[in-house]
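>>> Take a look and give me a structure for this.
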Amino acid sequence: MTEQNESRPRLSKRRRENSPAGTKKRREVWVTAGEEAALVARAAREKVTVPNLLITAALSETAETPTERKAAMAELMALHTLLARVSNNVNQIARHANAGDEFPQDAKAALAYVREVARRIDRTIEGLM
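Presented below is the predicted three-dimensional model:
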């Protein structure tokens, strides 16, 4: 290359820089026609090649994997079950308190448990954001 070409900035870089160690592994990915069209369109929007798009998406720390999404959904379903059980306990406590008896000691533990479930919900939602 000439000195003039080396100093000129490249406005649209379509491929990654060559690795000094060279290419180590080759991966083949089979996609449907619809998936291929979506990949090509997205790569064109981002002005990169499809392989570059796939690599950067896969290695991104912010991308959510299907396994992580399933785990978050499972956690939310478990929280739903816990809330159903807690609401039953709260109804029993309210029934007992309305019957004229003194406020049950178990109520403090139930309310602490409700707060812990609420914190778990908050953490799960923050994990999804």
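>>> So which elements touch the host helix or strand of residue 84?
Element membership for residue 84 (DSSP states H and E) is helix 66-98. Counting contacts by 3 or more Cβ pairs under 8 Å, 6 or more residues apart in numbering; DSSP states H and E, helix 66-98 packs against helix 106-128. Bear in mind the C-beta positions are built from the backbone N, C-alpha and C, glycine included.
>>> ok, and for the helix it packs on, which residues are buried?
Neighbour-count burial for helix 106-128, counted by 16 or more other Cβ atoms under 10 Å, picks out 107, 114, 117, 121, 124.
>>> Nearest to residue 57 among the residues you listed?
Closest approach to residue 57 among the buried residues of helix 106-128 (Cβ to Cβ): residue 124, at 24.0 Å.
>>> Isn't that closest one up against residue 72?
Yes: between residue 124 and residue 72 there is a contact at 6.2 Å, judged by Cβ atoms under 8 Å.
>>> most distant residue from the middle of the protein?
Within the chain, residue 100 marks the point farthest from the mean C-alpha position, 48.4 Å out by Cα atoms, centre = their mean.
>>> SS state for that one?
Here residue 100 is recorded as coil under DSSP: H, G, I helix; E, B strand; the rest coil.
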